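sharing a model prediction with you, sequence too.
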Amino acid sequence: MKKILVAVDETKGSLQAIETMASLFQCSRPETVVLLYVEKPEGRSVMDDLILSDSEMSTLRESLQGTAYQEALDRKAQKVVAFFSEELRKRGIAGIQPLVREGHPADEILNAAEEQGAQMIILGARRPGRQNLFIGSVSREVVNRAEIPVLIAK
């Protein structure tokens with residue numbers, strides 16, 4: 001595969017995704033690894049995506065631009081991306097293309113994969129013991145909607 005998208009966040013599942021990706025592609029490394037982090041305001045819940053329309057989410061994003069809060073979110077995103085970029089490099093992976101997006105994680109993962117021409121998506125499973133009120137997590141939504149192979153690392 002030439003291009004793989006690896007979605008990461010600040011959980012241990014993301015480290016597992018990196019390790020799984022590196023071990024799967026020991027002999028034939030992808031040319032490009034799109035390392036995607038999706039920013040979302042802290043304290044948001046699954047219900048927010050059901051309650052807020054796209055235009056309301058857009059308005060929220062616009063109102064955060066230029067604020068100290070948005071700057072903190074951006075710094076966090078850069079730290080996460082830098083950490084996982086280094087973890088990939090330690091495992092002999094080159095061609096890392098960092099990408100930070102804002103929005104609903106599943107939507108942004110799928111949109112980025114399509115826009116970047118990824119041939120596979122790799123992401124970590126949610127943390128063990130963490131229950132989700134609704135059927136479906138980000139991982140499940142990506143699996144159900146993706147038109148390319150998706151690997152969930154556990």
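All right, it came through fine.

let me see the contact set for the nearest residue to Arg145 once chain neighbours are set aside.
Computed as Cβ to Cβ, 6 or more residues apart in numbering, the closest residue to Arg145 that is not its neighbour in sequence is Leu110, at 5.8 Å. In this view, the C-beta of every residue, glycine as well, is placed from N, C-alpha and C. Residues in contact with Leu110 (Cβ atoms under 8 Å, 6 or more residues apart in numbering) are 121, 142, 145-146.

again, only this time at 10 Å
Counting by Cβ atoms under 10 Å, 6 or more residues apart in numbering, Leu110 touches 5, 7, 104, 118, 121, 141-142, 145-148, 150.

please, where are all the helices along this structure?
12-24, 46-51, 54-64, 68-90, 105-116, 138-145 (DSSP state H).

okay, those in CSV with distance to Glu31 and mean pLDDT next?
Listed next are the helices of the chain as CSV, based on distance: least, Cβ to Cβ, whole Å; pLDDT from 0 to 100:
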stretch, distance to Glu31, mean pLDDT
helix 12-24, 14, 93
helix 46-51, 34, 50
helix 54-64, 32, 64
helix 68-90, 13, 92
helix 105-116, 12, 96
helix 138-145, 22, 92
